[in-house]
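Chemist: curious how this folds, go ahead:
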Amino acid sequence: MEQNSSNNMFTWWKKAVFENYANFKGRARRAEYWYFTLTNFVLIVPFYFLLTAGALYQSEALTITGGIIYFVVILVTFIPSLATGVRRLHDTGKSGWSLLVSLIPFVGGIILLVWLFTDGNRFANKYGEDPKNPEGPTFDFEQRVVNQ
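Modeler: Model prediction:
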C-alpha cells in the first residue's frame, strides 16, 4: 500500500476541485472528504466575515466585495462538494441519493454526519475498489513464504 505523505488538506481540495470537479463515480476516502470540507470552510469564512463587517459598518464597497467573492467561491465549489459527498457515501456502500436524508428534519443531518464519519468498506464494492488499499487486503494465508 502506497501512502503519499504530501497529501495535506489543500492538496485534497485541489484534487476534488480540479481533478474530480463533477466526478460522481467511484469512492472518496474520509480524508479526501473531510480535508476538502475543512479547506472549503477555511476559504469561505474570511469572505463571509468581510461581507458581515461591511454590513455592520454600512460600507457598501466592503459588503459588495465580500458578497461577490463569497458567492463566487460557493458557486465554484458547489458541484465538487456534491460530487465529493456522493463519492464519500459510495465508499460506505451507500447510494449518492442518500445525501437527501439530510432533508429529514432534526435527525437527517445527524444520520448523514454519522455516515460521512463512518470508515469505508475494506473491500471492493459496487462503486469501485477500496481507495485506501486498491490492491485489496492481504491475508496471512495468501502471503508466500520464501525459503532462504
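Chemist: surely residue 63 meets residue 56?
Modeler: No - between residue 63 and residue 56 there is no contact, the gap being 9.3 Å when judged by C-beta atoms under 8 Å. Just so you know, the C-beta spots here come from the backbone N, C-alpha and C atoms, and that holds for glycine as well.
Chemist: now do the contacts for the spatially most central residue of the chain.
Modeler: What sits nearest the mean C-alpha location of the chain, by C-alpha atoms, centre = their mean, is residue 33, with 2.2 Å. Residues near residue 33 by C-beta atoms under 8 Å, 6 or more residues apart in numbering: 84-85, 87-88, 116.
Chemist: among those residues, which pair sits farthest apart?
Modeler: Spanning the widest gap among the contacts of residue 33 are 87 and 116, at 11.2 Å by C-beta to C-beta.
Chemist: which of those two has more neighbours?
Modeler: residue 87 (24 against 17; other C-beta atoms under 10 Å).
Chemist: look up the closest residue to that one, ignoring the ones flanking it.
Modeler: residue 28 (3.6 Å; C-beta to C-beta, 6 or more residues apart in numbering).
Chemist: for the one you found, what are phi and psi?
Modeler: phi -120, psi 130 (degrees, to the nearest 10).
Chemist: against residue 120, how distant is it?
Modeler: With distances taken as C-beta to C-beta, to the nearest Å, residue 28 is found 8 Å from residue 120.
Chemist: now the nearest residue to residue 22 once chain neighbours are set aside: how far from residue 98?
Modeler: Once flanking residues are discounted, residue 22 sits nearest to residue 79: 5.3 Å by C-beta to C-beta, 6+ apart. Plainly put, residue 79 is 18 Å away from residue 98 if you go by C-beta to C-beta.
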